[in-house]
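K.L.:
dropping a prediction and its sequence here:
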Amino acid sequence: MPPALPIVIVVTVSVTHSIAPPAIVTRALAETSAIWRTAGVAVYDDTTDVVPDARLIVEFGDAVRPTGDDDVSLAWIDLDGGEPTTHIHVSVASAMRVARETPFLHDNFRFVPGAVDDVVGRGLGRALAHEIGHFLYRSRQHDPDGVMATHRRATEMFGVDRNPFLPTAAERRRLQEVLDLQGVAPSASAARIYSRLPRSRDDQWRTHASGASGGSCRPAR
């Protein structure tokens, strides 16, 4: 696992309209934070109220987003003119469906107390980390590996190993390039930079990927 980098940017998350048990939300946000901290991004949350200057609004709900294939979308980010916005949806209902349809996960839920909160929260946190990536990169791009990879197996999405979800060296470099483009200077200390990233005017960060719903996985039959 790569070491955490000095904090170069802070992302503030406000959770709204959550139907998920608090333990699942807490576990999800902790997983998201652990993933992005390795790239120098601090993810803070305000789970008690929607603050006016929140960078991202995250809704843990029961909405289900059709994918047109066997994949199940665990999270997706709204688009405006083809670009990611600041509104992310996290589907608790879809996560529970995957859990029911994946024997390995379902068996754990039956025999391990508290496993539902931990396992479901872990998977949703990884999906949320992916969608935050779309926001940070100002892009719909997906990568073959790392936090921006997609089409995961359920056993990987909800598994113990976090390493496959950490930003790769290439993703960390690309994030720094985006921050440089936006005029956000890196900090050698843990300085908090509360600054909304404006829309990029450089087309290199706009791709023709099929969509920005990469927080998906496929149940293991």
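P.N.:
Cool, got the structure.

K.L.:
rest of the way, CA atoms for contacts and neighbours
P.N.:
Fine.

K.L.:
what strand or helix carries residue 133?
P.N.:
helix 115-137 (DSSP states H and E).

K.L.:
low-confidence ranges, the chain, go.
P.N.:
Low-confidence segments of the chain (pLDDT under 70): 1-8, 17, 46-54, 66-70, 106-113, 183-221.

K.L.:
repeat that for 90
P.N.:
1-23, 40-57, 61-73, 79-86, 96-119, 135-141, 150-155, 159-160, 175-221 (pLDDT under 90).

K.L.:
can you show me the strands along it?
P.N.:
Along the chain, the segments classed as strands by DSSP state E run 9-16, 41-46, 56-61, 72-80, 83-91, 152-153, 215-218.

K.L.:
tell me the strands beside the shortest one, with direction?
P.N.:
Partner strands for strand 152-153, per DSSP bridges, with pairing direction: strand 215-218 (parallel).

K.L.:
got it, and the second one?
P.N.:
Using DSSP bridges, the strands paired with strand 41-46 are strand 9-16 (parallel).

K.L.:
related to what we said a few turns ago, got JSON lines for the strands of the chain, with mean neighbour count and distance to residue 179 too?
P.N.:
Shown next, in JSON lines, are these (neighbours: other Cα atoms under 10 Å; distance: least, Cα to Cα, whole Å):
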{"stretch": "strand 9-16", "mean neighbour count": "22", "distance to residue 179": "9"}
{"stretch": "strand 41-46", "mean neighbour count": "19", "distance to residue 179": "11"}
{"stretch": "strand 56-61", "mean neighbour count": "21", "distance to residue 179": "17"}
{"stretch": "strand 72-80", "mean neighbour count": "23", "distance to residue 179": "20"}
{"stretch": "strand 83-91", "mean neighbour count": "23", "distance to residue 179": "16"}
{"stretch": "strand 152-153", "mean neighbour count": "16", "distance to residue 179": "28"}
{"stretch": "strand 215-218", "mean neighbour count": "26", "distance to residue 179": "23"}
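
K.L.:
out of those strands, nearest to residue 178?
P.N.:
strand 9-16 (11.7 Å; Cα to Cα).

K.L.:
ok, residue 157 touching residue 126?
P.N.:
Yes - counting by Cα atoms under 8 Å, residue 157 does reach residue 126; the two are 7.2 Å apart.

K.L.:
how many neighbours does the nearest residue to residue 105 once chain neighbours are set aside have?
P.N.:
In this structure, residue 105 finds its nearest non-sequential neighbour in residue 99, 5.5 Å apart by Cα to Cα, 6 or more residues apart in numbering. When neighbours are defined as other Cα atoms under 10 Å, residue 99 has 24 of them.

K.L.:
dump the residue contacts of the closest residue to residue 164 other than its chain neighbours.
P.N.:
Nearest residue to residue 164, sequence neighbours excluded (Cα to Cα, 6+ apart): residue 146, at 5.7 Å. Applying Cα atoms under 8 Å, 6 or more residues apart in numbering to residue 146 gives the contacts 164, 165, 166, 167, 168, 171.
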